[in-house]
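Visitor: take a look and give me a structure for this.
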Amino acid sequence: MFNAPLHPFSSAAVQHPLAVYGWDEGWEAEFAPYAAQGLVPGRVVRVDRGQCDVATPDGVVRADTAFVVPRDPMKVVCTGDWVAVDPEGGDPRYARTILPRRTAFVRSTSSKRSEGQVLATNIDHIVICVSLAVELDLGRIERFLALAMSSSSGEALLRTSADSWESGAQPIVVLSKADLVPDATGLSYLVEDVETVAPGVQVLPVSSHTGEGLDVFKAITAGGTTVLLGVSGAGKSTLANALTGADVMDVQATRDADGKGRHTTTTRNLLALPGGGVLIDTPGLRGVGLWDAEAGVGQVFAEIEELAADCRFQDCAHETEPGCAVTAAIEDGSLPERRLDSYRKLLRENQRLVAKTDARLRSEILKDWKRKGAEGRAAYEAKRGGRVR
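Guide: Below you'll find the model as predicted:
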């Protein structure tokens with residue numbers, strides 16, 4: 001069935017049954033050993049209760065996930081994965097293996113546990129949906145971006161220009177329900193506010209009601225795979241319906257009091273878009289715990305890391321140290337104190353998570369705490385004019 005390599009832009013690739021789901025010559029090469037075993041390629045469009053729906057050259061089939069749910073939660077089959085499936089005739093029909101992932105969006109399952117949860121795989125664009133029906137939560141946007149900028153197949157993303165990423169998925173912030181901000185000047189200020197916390201990231205106001213920004217959004221999603229992320233009520237399902245041109249996702253009204261919505265999307269669903277490209281819609285996220293996101297935090301707060309390079313001390317904590325370029329920027333008003341607070345919070349959270357699985361780092365953190373504690377006591381005793389014990 002798959003004899004000749006397919007180039008993603010060749011006529012053969014366009015005509016291939018799985019081309020609409022992102023099949024290209026790279027996946028062709030990855031799948032070759034399984035094709036020799038008589039297995040069938042497919043992309044997971046939904047996972048539910050030990051079963052998954054898989055788009056194959058013969059249509060969407062239901063497959064058992066027993067072979068692709070290992071003990072490691074990071075390797076469990078997920079929407080967006082490419083898998084090798086039993087040929088027609090098996091009962092049950094199994095998804096036998098997962099092809100190596102190119103990218104993955106991962107969050108921590110809990111602040112008290114050291115497990116990651118993969119939300120979507122093999123993605124090219126990570127769209128963070130933010131509703132303009134409620135007051136902007138810049139801290140939450142920074143958190144989403146830190147994860148988005150760290151999403152790849154095991155390696156952190158490296159930004160090479162204002163809007164280019166060396167590898168992994170490209171983050172985009174979509175400000176949904178833009179029609180609720182009728183004042184163009186007010187809307188521009190909101191966009192600017194988000195741009196200040198999203199360096200190098202496109203910020204796009206969109207309204208599914210008026211159509212504002214939809215043409216640009218459709219052009220972005222027409223290439224590759226896009227995942228929609230955000231809290232419940234952010235308008236993800238409405239955007240999904242606008243992109244597909246049909247009511248493929250249920251939509252419910254948000255509460256007037258706080259703009260929150262019910263979880264109308266309960267599973268992650270992969271949809272082939274009529275204009276090209278693939279969309280993964282996700283349930284509203286109540287919490288977004290960091291997962292191996294130090295590089296992402298550094299990119300989101302690039303201006304702080306650039307300032308830190310000019311601090312007098314290499315290990316400056318940006319608190320009371322003399323010659324601190326970061327605190328100097330806060331004092332002169334060029335760096336908002338909220339940004340530094342958010343930066344510290346995310347770094348501490350990520351460090352705590354990593355320390356749970358890294359004994360060496362855990363020991364280093366403990367030593368650092370003891371050192372700072374001793375220094376604090378010494379400073380206190382010196383201020384009192386007493387001796388340090």
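
Visitor: looks like residue 103 contacts residue 169 (just checking).
Guide: Yes. Applying Cβ atoms under 8 Å as the test, residue 103 and residue 169 come out as touching, 4.9 Å apart. (C-beta placed from N, C-alpha, C; glycine too.)

Visitor: distance of residue 148 from residue 105?
Guide: 7 Å (Cβ to Cβ, to the nearest Å).

Visitor: more crowded one of residue 103 and residue 169?
Guide: residue 169 (27 against 23; other Cβ atoms under 10 Å).

Visitor: surely residue 128 touches residue 176?
Guide: No. Using Cβ under 8 Å, residue 128 is not in contact with residue 176; the gap is 10.3 Å.

Visitor: state the helix or strand in which residue 350 lies.
Guide: Assessed by DSSP states H and E, residue 350 sits inside helix 337-357.

Visitor: buried set for that helix?
Guide: The neighbour-count check on helix 337-357 (16 or more other Cβ atoms under 10 Å) flags 339-340, 342-344, 346-347, 349-351, 353-355 as buried.

Visitor: could you do stretch 219-237 as well?
Guide: Residues of stretch 219-237 classed as buried by neighbour count (16+ other Cβ under 10 Å): 220-221, 224-237.

Visitor: so which of those are in helices?
Guide: 220-221, 236-237 (DSSP state H).

Visitor: for residue 189, see how far away the residue most central in space within the chain is.
Guide: The residue lying closest to the centre of the chain (Cα atoms, centre = their mean) is residue 148, at 3.4 Å. Here residue 148 is placed at a distance of 24 Å from residue 189 (Cβ to Cβ).

Visitor: returning to that earlier point: can you list the buried residues of helix 337-357 in TSV and add pLDDT and distance to residue 273?
Guide: Below are these laid out as TSV (pLDDT from 0 to 100; distance: Cβ to Cβ, whole Å):
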residue	pLDDT	distance to residue 273
339	94	36
340	94	40
342	92	34
343	91	36
344	90	40
346	88	33
347	86	37
349	82	35
350	79	34
351	78	39
353	72	35
354	68	37
355	66	42
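
Visitor: which stretches of the stretch 201-350 of the chain form strands?
Guide: In the stretch 201-350 of the chain, the strands defined using DSSP state E, counting those that start in this stretch lie at 202-205, 225-229, 269-272, 278-281.

Visitor: state the mean pLDDT of the second one.
Guide: pLDDT averaged over strand 225-229 equals 93, rounded to a whole number.

Visitor: what's the distance between the residue lying closest to residue 63 once chain neighbours are set aside and residue 117?
Guide: Excluding its sequence neighbours, the residue lying closest to residue 63 (Cβ to Cβ, 6 or more residues apart in numbering) is residue 95, at 4.4 Å. Computed with Cβ to Cβ, the distance linking residue 95 and residue 117 is 19 Å.
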